[in-house]
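Trainee: Sequence first, predicted coordinates after that:
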Amino acid sequence: MKRLLNLLVFLAMPVITFASDVEMADLLHENGKIYVVVGVIAIIFIGIVVYLITIDRRLSKIEKEEK
Amino acid sequence: MLKIGETSTQILGLAWWKWIAIVLVLFSLTAGMLIPLAPGILEVSTTVLEPGLNSNITVIGYGAEFGDDPKNIQVWVVADTIVLACAETVQVVNKRTIKFDLELPEFAPTTNAHLFVSTMKSGVIVDPKVFYLRGFRAQGTKNLCVPNGKIVVPLAGKHFPFKKILYETIRNLYYHVTQWFGMMIILTASLVYSIIHLAKGDRRSDIIASEAVNVALFLGVLGLLTGMLWAKNTWGAYWTGDAKLNGSAMGMLVYLAYTVLRGSMDEEQKRGRVAAVYNIFAYVMFMVFIMVLPRMTDSLHPGNGGNPGFGGYDLNNNMRMVFYPAIIGWTLLGVWLINLRVRMKSIEENRLTKSHQ
């Protein structure tokens, strides 16, 4: 579980730096705000990956108990 | 009907509808990202026009090609339906920027005016009500000049609408909005399975209903997070007091309570029945929170309060062409997740029953 949490923090690093760094926040407004769309797709992708990881872990547990 | 947890017709070892999910999600990602925005006007240096000469007005375009012959670029100002002024000469500063002077009359029918820029490659670009007209007499019935019709070329190719503030983020319709649509469709399916469970009392529909709520909550979290990022960059804050935002948060809590309630009971028959009854209640509450209440007050969301829906004038046919398949694709991806969880849960439950015997 701790490893999963570490992974989450690592994945969230770009988002955290976006929030603290003003120049980076400006980047989101450039080029017609296309980076907002990229961010939205990234959130969905990360979300699906995290969800898959939890399913995978539960499946591993079942497999282990089966043996 | 999609057979969840059972084998339906398979293609290359995968149920057919899962391939449809893959194709439609890929379509929403490629078409949604690759179709360009229609050319638009990003910035106009002067937004107040006065009678007489207004010189050195600079216009910065977005996705507009001003690079061609300046003689082919036309600029005119329209108040109501009357053409008030046409620029005599247009100077191309660079590919994105043009500069021109406008000679305006003493009178105008309205206090605001639209800017029209016509180019060979980018068609006619309109910035509606960009000018405030100050110091004009309120009259005017006929066009004062005529833009040259010969070089007004329609825009070719597929485009998404250019909207100020939104700009490229209009594409989030296919990624943020579809998560909520998928969530609502899946919650409806969950409700149906809860009712089936109440009628038949079988284990399978209870598992499907509860796993559907689980995946719907996951889609709701994605919807909230993506919505917050979008809101920050268009409305200016991650969270506003908007009725739709608070309503969706409360709706999520109602369903969170469902999972807590169901998880707190051990006896299978009782758990199934109580969860199913609560699910019916939760569904009604959820729909009231996110569909009914936001429409009764003001909301920043299109389609709520005084705001017209995307469906009104914002959603052009190219957007519909991507949006509807995107809804189906993302929803099917959610159904796929349910499918995996139901199969896993069924194994867990069956083994639990066997160990009890």
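Mentor: Yes, it's here.

Trainee: Next up, phi/psi of the closest residue to residue B:142 other than its chain neighbours, please.
Mentor: Setting aside the residues directly before and after it, residue B:142 is nearest to residue B:82 in space (Cβ to Cβ, 6 or more residues apart in numbering or on different chains), at 6.9 Å. Just so you know, the C-beta spots here come from the backbone N, C-alpha and C atoms, and that holds for glycine as well. Dihedral pair for residue B:82: phi -100, psi 130, per degrees, to the nearest 10.

Trainee: Kindly report the same for the one 10 residues further on.
Mentor: Backbone geometry at residue B:92, expressed as degrees, to the nearest 10, gives phi -90, psi 110.

Trainee: check which helix or strand covers residue 53.
Mentor: Defaulting to chain A. helix A:34-66 (DSSP states H and E).

Trainee: Please refer instead to chain B.
Mentor: Using DSSP H and E, residue B:53 sits within strand B:52-62.

Trainee: again with residue B:144
Mentor: Using DSSP H and E, residue B:144 falls within no helix or strand.

Trainee: per-residue confidence for residue B:1?
Mentor: pLDDT for residue B:1: 42.

Trainee: Revised request: answer the last question for residue A:46.
Mentor: Looking at residue A:46, its pLDDT stands at 95.

Trainee: Now do it against residue B:240, distance only.
Mentor: The gap separating residue A:46 from residue B:240 is 24 Å, by Cβ to Cβ, to the nearest Å.

Trainee: circling back: and the strand holding residue B:53, what other elements does it pack with?
Mentor: Other helices and strands packing on strand B:52-62, by 3 or more Cβ pairs under 8 Å, 6 or more residues apart in numbering or on different chains; DSSP states H and E, are strand B:40-44, strand B:97-104, strand B:112-119.

Trainee: ok so, going back, residue A:46 and residue B:240: who's more crowded?
Mentor: A count of neighbours by other Cβ atoms under 10 Å in any protein chain shown puts residue A:46 above the other of residue A:46 and residue B:240, at 17 against 14.

Trainee: any idea how far that one is from residue B:301?
Mentor: For residue A:46, the distance to residue B:301 equals 25 Å [Cβ to Cβ].

Trainee: what do you get for residue B:49?
Mentor: 34 Å.

Trainee: neighbour count winner among those two?
Mentor: Legend: neighbour count by other Cβ under 10 Å for residue B:49 and residue B:301, higher for residue B:49 (25 against 21).

Trainee: Would you agree that one is in contact with residue B:77?
Mentor: Yes: at 7.2 Å, residue B:49 counts as touching residue B:77 under the criterion of Cβ atoms under 8 Å.

Trainee: Let's see the strand holding residue B:53 as PDB, backbone CA atoms only.
Mentor: Output of strand B:52-62 as PDB, limited to C-alpha atoms (Å, rounded to 0.1, in the frame of the first residue of the first chain):
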ATOM      1  CA  GLY B  52     -14.400  59.600 -37.200                       C
ATOM      2  CA  LEU B  53     -11.000  58.000 -37.700                       C
ATOM      3  CA  ASN B  54     -10.000  55.200 -35.500                       C
ATOM      4  CA  SER B  55      -6.400  54.400 -36.400                       C
ATOM      5  CA  ASN B  56      -3.900  51.600 -35.800                       C
ATOM      6  CA  ILE B  57      -6.300  48.900 -34.700                       C
ATOM      7  CA  THR B  58      -4.300  45.700 -34.300                       C
ATOM      8  CA  VAL B  59      -6.000  42.300 -34.500                       C
ATOM      9  CA  ILE B  60      -4.300  39.100 -33.500                       C
ATOM     10  CA  GLY B  61      -5.800  35.900 -35.000                       C
ATOM     11  CA  TYR B  62      -5.900  32.400 -33.800                       C
END
